[in-house]
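[1] Okay, sequence plus prediction incoming.
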Amino acid sequence: MGPPVGVVLAGGGSRRLGTDKSALVVGGGTLPLRAAERLAPVCAAVAVADRGRQLLRGFPSLADGPGRGPAAGILGAARAYPGRPLLVLACDLPRVPAGLLAELARSADADWVLPRWSGGVEPLCALYAPAALAALAARVERSVFALHRLVEEGLAVRYLEGEALTLFGSPEEVFLNLNTVEDLERLRELEGI
């Protein structure tokens, strides 16, 4: 399979936030740059699934694949790197530490590796092996785009959960997703900016 390729998901429409998340500067860098910087120590190759908008100089820019939403970004990366596992991180998850990403990347024995806690699962911070990518492509062909339902496909799934997850911090803070102005205010509070 080879080592995982880091994929920054930065192609969303940012409708709920009301401003383009990919241009949002927080803590000295844009959200896509911050995500790429956290993936770089873990993955030798990092690309940005940004619908081909070339958001980050020095990183390959990837067009969407079939489907819509995050599934299209992930499948675009799968087309660009066939047969390779993808370590995916959405740019609007700015508090996921590189150590957690490294832990996800270590799981060569599973098709899909993702965090799980009482708040649910986080498929936008996950390792997708080729079998999971093939299952996602098949679901998209049937117009099923919800990533969290990929577990229904009979894949070998490994969850990073319990103490193994909380070593990296409170999941509610680590997986703070910037969708609203209130979320952005919470991020600034947590990071003291």
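    Happy to help now that I have it.

[2] List the contacts of the residue nearest in space to the middle of the chain.
    Per Cα atoms, centre = their mean, the C-alpha nearest to the average position across the chain is that of L89, at 2.2 Å. The contact partners of L89, by Cβ atoms under 8 Å, 6 or more residues apart in numbering, come to G6, V7, V8, L9, A35, R38, L39, V96, L101, L124, C125. C-beta coordinates here come from the backbone N, C-alpha and C atoms, glycine included.

[3] I'd like to know which of those are buried.
    The neighbour-count test (16 or more other Cβ atoms under 10 Å) applied to the contacts of L89 identifies G6, V7, V8, L9, A35, R38, L39, V96, L101, L124, C125 as buried.

[4] List just the nearest of these to G73.
    Taking Cβ to Cβ as the measure, L9 is the one of the buried ones among the contacts of L89 closest to G73, at 4.8 Å.

[5] for this structure, what spans make up the strands?
    For the chain, the strands identified by DSSP state E occupy 5-9, 25-26, 29-30, 46-49, 61-62, 86-90, 112-117, 120-121, 125-128, 157-160, in order along the chain.

[6] Adding mean pLDDT, write those out as a markdown table.
    As requested, those are exported to a markdown table (pLDDT from 0 to 100):
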| stretch | mean pLDDT |
| --- | --- |
| strand 5-9 | 98 |
| strand 25-26 | 80 |
| strand 29-30 | 88 |
| strand 46-49 | 98 |
| strand 61-62 | 97 |
| strand 86-90 | 98 |
| strand 112-117 | 97 |
| strand 120-121 | 92 |
| strand 125-128 | 98 |
| strand 157-160 | 96 |
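
[7] Take these and write them to JSON lines, including distance to P70.
    Rendered in JSON lines, the data for these read as follows (distance: least, Cβ to Cβ, whole Å):
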{"stretch": "strand 5-9", "distance to P70": "6"}
{"stretch": "strand 25-26", "distance to P70": "20"}
{"stretch": "strand 29-30", "distance to P70": "18"}
{"stretch": "strand 46-49", "distance to P70": "8"}
{"stretch": "strand 61-62", "distance to P70": "13"}
{"stretch": "strand 86-90", "distance to P70": "7"}
{"stretch": "strand 112-117", "distance to P70": "13"}
{"stretch": "strand 120-121", "distance to P70": "13"}
{"stretch": "strand 125-128", "distance to P70": "10"}
{"stretch": "strand 157-160", "distance to P70": "18"}
